[in-house]
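**Student:** Any chance you can model this:
(chains A, B, C and D)
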There are 2 protein chains.
Amino acid sequence: MGVTIKDIARVAGVSYSTVSKALNNSSLVKEETKTKILTVAREMQYQPNLAAKKLVSKRNRTIGIAWPTLERLALSTLITRITAELERKNYYTVLSINPAQSAVALFNRLQVDAILVFEESRLSQDTTTISSEIPVLYFADWQTSRPHLCVSRKQAIRKAVHYLHGMGHRKIGYVGEIGTSSGTQFEKLKGYEEAMKELALPIKPEYRCHIDEPVWQEGYKAAGLLLQCVDRPTAIISSSYETSLGIFMALKERRIHIPEDVSLISYDHIPQLADLDIPITAVGVPVDRMASHIAHSVIQLIESPENSPVCDVLEAELIERESCAPPKSIGGIGSATC
Amino acid sequence: MGVTIKDIARVAGVSYSTVSKALNNSSLVKEETKTKILTVAREMQYQPNLAAKKLVSKRNRTIGIAWPTLERLALSTLITRITAELERKNYYTVLSINPAQSAVALFNRLQVDAILVFEESRLSQDTTTISSEIPVLYFADWQTSRPHLCVSRKQAIRKAVHYLHGMGHRKIGYVGEIGTSSGTQFEKLKGYEEAMKELALPIKPEYRCHIDEPVWQEGYKAAGLLLQCVDRPTAIISSSYETSLGIFMALKERRIHIPEDVSLISYDHIPQLADLDIPITAVGVPVDRMASHIAHSVIQLIESPENSPVCDVLEAELIERESCAPPKSIGGIGSATC
DNA sequence: CAGACAAATAACAACGTTGTTAATAACGAT
DNA sequence: ATCGTTATTAACAACGTTGTTATTTGTCTG
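**Tutor:** All right, here's what the predicted structure looks like:
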């Protein structure tokens, strides 16, 4: 098949074990031979066989990512950045779009160094039964005894509510999955409800607007409902980028201006939210911070599993852009009431 | 590390080579021992080590997909279906979102059975320099001496123009990348221009509306321009799902109804286009047909490379949905003129 | 110039699997 | 019993790599 170290050895006139050492930059081979071997290897377009490498049970420098939900932009962005970050540290990523369980099985057979599992809802698979010889880092909200990493979604939405409240908003709507089994979505809703309660703002049932899926069409519909309320909210918190897009469009279509008529805060701290006509204020963990944190965590899990934390919580941030302003009725400066 | 055939052998009280044969369902081992070994293997949760398998140079049943452009729904859908299709045939897919060249290199190191490269534009990488020991199937439009598979995009758009013409439309706009270096996008434009010329329809420069990227925002903007034309088109052909979404919104916002006021045909034959309020008529190769064809081709490339075709062209189809109708001015039935 | 010692390289086992070849067991037929 | 013949199983080399151990080569010392 391809070029092997034995081929290089033959051409360079040394033994293949010397080639191996040279390629691994061992101090046991003379600098001169080392450079010669490296030259030959480059000339012959040598590609190390990761299968063989892994077989002798050393590192592969390969990380598998289980990525079941394709259509969420925030996740795509995150994964792109993680890949870039890991590449910078000389690790390579392969993805699987199969359900977590079979992805993990596949990666076990492929013998990657570590597996990263992104899983939105706990129920999608009975994760407890996922067994893996290879270390797995879960990106999931629910508690588990395995290493995982999560995002304080509740905190994020609370920050959004408080921010809007600080601006003077009292009628704050929420667009997201309501009666959902998805842990992550439920956390966001809880954040909304808790914050509203804390601030003694009434949660009208019609302010909590349900969507079935995080797609823009649902956001669009939800916004329609929200705007029909007798006492229309002056601000909307949206649970994802996609939903925000839909809301954005619905408002645009109705000539309702952001932020003059309605303020909008979106979950998902990704740069794409700044690319809209009106850059959208957002909450969440900044995607770059998240990516580098995750990359760092996986590498740690590989290189020193003993002192990897079991659970790691990332704090959300709010980034002010231009989609929020004090409500018209109150107008002017700061929080007039309260 | 994990459970190996030797472990199974020890437990089952046979030699490991017998285990290997049993697991491969060889006729050389007694049915009785075979079942016993299989039971033990299952009990011990044996996962074959693909690295070792590949080392002895047999099949891996793994296919690598190089997938550089994440954000196109049509591609996501296609890849999801290909994965499903291959899984049905007992092949497993891993993806890489790196640029084609490094993805191919990675898959070579990982020793997959075959590589599928999706590449929109020729220039993104100097593909001619991509060298691979492992068979590669390109999904690309441009000619190459390597096995590839392409879609008649030109034909697709021509079909759209002819269809609209047949309905009576004369003023047909096109939204897509115009002065692009991307071969695939250029083909679509050419399809529009050729068909218009054939039908002796004037191509006003303002009917050919340029977008920078296939994202909905661009489609939205483009539609805005198109609708400002002094002699507004009665039909629009859009070069991708995303663009169509943008156009759809722009029309909605302006209370211009589809199909009464403006007809719309979208490139990308994916089911999602049917999910809009008004299901959009589309052209392109049906994503399911494409997926099963591609899956079939890769497998053939693996199992009998000698009689794999070098180039395979898939014909586009038009699927009628509800976004097209005869233009108002002409009204009524069929093609009144011509 | 023999001996000690270090530097450089070569040889070899191992990783988990498969395919081939060798060994053994079972069974008739002589 | 003895010989083939077949069914079944065991033994072993190979795949491409690494880490360890053995061998060669070179240099210095007395």
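
**Student:** Can you classify A:Ile236 by secondary structure?
**Tutor:** Applying DSSP: H, G, I helix; E, B strand; the rest coil to A:Ile236 yields a three-state assignment of strand.

**Student:** Can you tell me how far it is from A:Ala223?
**Tutor:** As defined by CB to CB, to the nearest Å, A:Ile236 lies at a distance of 7 Å from A:Ala223. For glycine as for every other residue, the C-beta is placed from the backbone atoms N, C-alpha and C.

**Student:** What about whatever residue of the stretch 151-300 of chain A ends up closest to DNA strand C, how many residues nearby?
**Tutor:** Using CB to the nearest atom of the strand, the point where the stretch 151-300 of chain A gets nearest to DNA strand C is A:Val298, with a distance of 23.0 Å. One way to gauge burial is a neighbour count; for A:Val298, by other CB atoms under 10 Å in any protein chain shown, it gives 28.

**Student:** returning to that earlier point: report the set of residues contacting both of A:Ile236 and A:Ala223.
**Tutor:** A:175, A:247 (CB atoms under 8 Å, 6 or more residues apart in numbering or on different chains).

**Student:** show me where chain A has strands.
**Tutor:** Under the criterion DSSP state E, chain A carries strands at the ranges A:62-66, A:92-96, A:114-118, A:136-139, A:148-151, A:172-176, A:208-210, A:235-238, A:263-267, A:281-284, A:311-314, A:317-319.

**Student:** what would those strands look like in TSV with mean pLDDT?
**Tutor:** Output for the strands of chain A, formatted as TSV (pLDDT from 0 to 100):
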stretch	mean pLDDT
strand A:62-66	96
strand A:92-96	96
strand A:114-118	95
strand A:136-139	92
strand A:148-151	91
strand A:172-176	97
strand A:208-210	96
strand A:235-238	98
strand A:263-267	98
strand A:281-284	98
strand A:311-314	92
strand A:317-319	98
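
**Student:** hey, which of these is tucked in deepest?
**Tutor:** With neighbours taken as mean count of other CB atoms under 10 Å in any protein chain shown, the strands of chain A reach their highest mean count in strand A:235-238, at a mean of 30.

**Student:** what residue ranges in chain A are flagged as low confidence?
**Tutor:** For chain A, residues meeting the criterion pLDDT under 70 lie at A:1, A:120-129, A:142-143, A:329-338.

**Student:** got the residues of it near DNA strand D?
**Tutor:** Residues of chain A found near DNA strand D (CB under 7 Å from any atom of the strand) are A:1-2, A:4-6, A:16-17, A:20-21, A:23-24, A:46, A:48-49, A:52-53, A:55-56, A:58.

**Student:** if you set the cut-off to 6 Å instead, what comes out?
**Tutor:** Chain A comes close to DNA strand D at residues A:1, A:4-6, A:16-17, A:20, A:23-24, A:48-49, A:52-53, A:55-56, A:58, as judged by CB under 6 Å from any atom of the strand.

**Student:** contacting residues for A:Gln222?
**Tutor:** I think there's a mix-up here, since residue A:222 is Ala and not Gln. With the criterion set at CB under 8 Å, 6+ apart, A:Ala222 makes contact with A:175, A:209-211, A:243, A:246-247.

**Student:** how close does it sit to chain B?
**Tutor:** When distances are taken as CB to the nearest CB, to the nearest Å, A:Ala222 and chain B turn out to be 15 Å apart.

**Student:** Excluding chain neighbours, give the residue nearest to the closest residue to chain B within the stretch 201-338 of chain A in space.
**Tutor:** For the stretch 201-338 of chain A and chain B, the shortest gap (CB to the nearest CB) falls at A:Glu253, measuring 4.5 Å. Using CB to CB, 6 or more residues apart in numbering or on different chains and skipping residues adjacent in sequence, the residue nearest A:Glu253 is B:Glu253, 4.5 Å away.

**Student:** Hmm, that neighbour is touching A:Phe248, no?
**Tutor:** No - using CB atoms under 8 Å, B:Glu253 is not in contact with A:Phe248; the gap is 11.2 Å.

**Student:** In terms of neighbours, single out the busier of the two.
**Tutor:** A:Phe248 (26 against 17).

**Student:** contacting residues around that one?
**Tutor:** A:Phe248 is in contact with A:258, A:264, A:276, A:278, A:280, counting by CB under 8 Å, 6+ apart.

**Student:** Mind putting the contacts of A:Ala222 into a markdown table with distance to DNA strand C?
**Tutor:** Below are these laid out as a markdown table (distance: CB to the nearest atom of the strand, whole Å):
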| residue | distance to DNA strand C |
| --- | --- |
| A:Val175 | 50 |
| A:Cys209 | 52 |
| A:His210 | 49 |
| A:Ile211 | 46 |
| A:Thr243 | 46 |
| A:Gly246 | 49 |
| A:Ile247 | 52 |
